[in-house]
Structures are given as C-alpha cells and as structure tokens.
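*Asks:* Here is a sequence with its predicted model. Questions after.
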Amino acid sequence: MALGEEARFYYKQRYGVETFFSGQKSRGFALAQSPLSDPVRLSRLLIASCLAYLWRVCLGVAVKEKGLLSHIHRKTRCDLSLFQIGLLWLEHCLNEGFSLWVAFRLSPVRRLRFSVG
C-alpha cells in the first residue's frame, strides 16, 4: 500500500510540472525553437524564462484575487492556467497602456523535518 500512495503522490505533482513545461515550450516562450546550443547561453535563457514564468503566474494570481479575470476572459468559466491568465493580462495592459505589476514576492520555504526510526 505504501508504494501505491507514493506513486499517487508523485502522479499528482505531474500536472504542475506539465503546466510549467508547456509554458516554457509550446504555450508561452517557445524555447524549443531557440537556436542556442552553447550551454552557458542556454542556461541564462532558462533562468530568465523561469523568472518570467514565475512573474506571469504571479500576475495570474493577482488578476484572480482582484476579480479582474472578466476583463480578459469569459465570465462563465475559466479553463486557463495561471500562466496563461498572466500572459493575457500582460497583453491587455500593454494594449491599453496600463501600468504593470512588476514586483512579486515568494513566501519563505518551510523546512521539512525528517525522522529516522
């Protein structure tokens, strides 16, 4: 039973990882089309794209929390990721000449305690 629970735990995390990869590849930054082959330059691009990904997710969270989703998406239901909501909000702000929320804050990481025995 423990193995099944462990498999379920990791399988649940799959959706967050797949959302991240789709944002990096096909539904966002299109990193798969990058002509870069130098590992140093590629790592810099990945760091920048990860920070931009976090910023867009934070934008998506802020849009939902402030009740602004209806300005960029249908009112009946939402089937977009937080990344896609942030991307739409960014595009909306740029088109309308609105100022952007640039800063974001990450909560401190909780320390996990492990016990043996």
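*Replies:* Sure, I can see it.
*Asks:* from here on, contacts and neighbour counts on C-alpha atoms
*Replies:* Noted.
*Asks:* Which pLDDT does the model give residue 25?
*Replies:* Per-residue pLDDT puts residue 25 at 66.
*Asks:* start at 466 instead
*Replies:* All right, first residue 466 from here; so that's residue 490.
*Asks:* What number of residues are in the vicinity of residue 528?
*Replies:* 19 (other C-alpha atoms under 10 Å).
*Asks:* what's the helix or strand for it?
*Replies:* In the assignment (DSSP states H and E), residue 528 maps to helix 504-530.
*Asks:* Can you give me the buried ones in that helix?
*Replies:* 514-515, 518-528 (16 or more other C-alpha atoms under 10 Å).
*Asks:* avg pLDDT for it?
*Replies:* On average, helix 504-530 scores 87.
*Asks:* try stretch 553-563
*Replies:* Across stretch 553-563, the per-residue pLDDT values average to 92.
*Asks:* hang on, the earlier thing: what's the following helix or strand after the helix holding residue 528?
*Replies:* Following helix 504-530 in sequence, per DSSP H and E, is helix 547-561.
*Asks:* and the helix holding residue 528, what does it pack onto?
*Replies:* Counting contacts by 3 or more C-alpha pairs under 8 Å, 6 or more residues apart in numbering; DSSP states H and E, helix 504-530 packs against helix 467-489, helix 547-561.
*Asks:* thinking again about what came up before, among the buried residues of helix 504-530, which pair sits farthest apart?
*Replies:* Farthest-apart pair in these is 514 and 528; separation 20.7 Å (C-alpha to C-alpha).
*Asks:* re the thing from before, can I get the buried residues of helix 504-530 in a markdown table including distance to residue 560?
*Replies:* Formatted as a markdown table, the buried residues of helix 504-530 follow (distance: C-alpha to C-alpha, whole Å):
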| residue | distance to residue 560 |
| --- | --- |
| 514 | 22 |
| 515 | 24 |
| 518 | 20 |
| 519 | 22 |
| 520 | 19 |
| 521 | 17 |
| 522 | 20 |
| 523 | 20 |
| 524 | 16 |
| 525 | 17 |
| 526 | 20 |
| 527 | 19 |
| 528 | 16 |
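*Asks:* Relative to residue 496, which of those is nearest.
*Replies:* Nearest member of the buried residues of helix 504-530 to residue 496, counting by C-alpha to C-alpha, is residue 514, at 8.7 Å.
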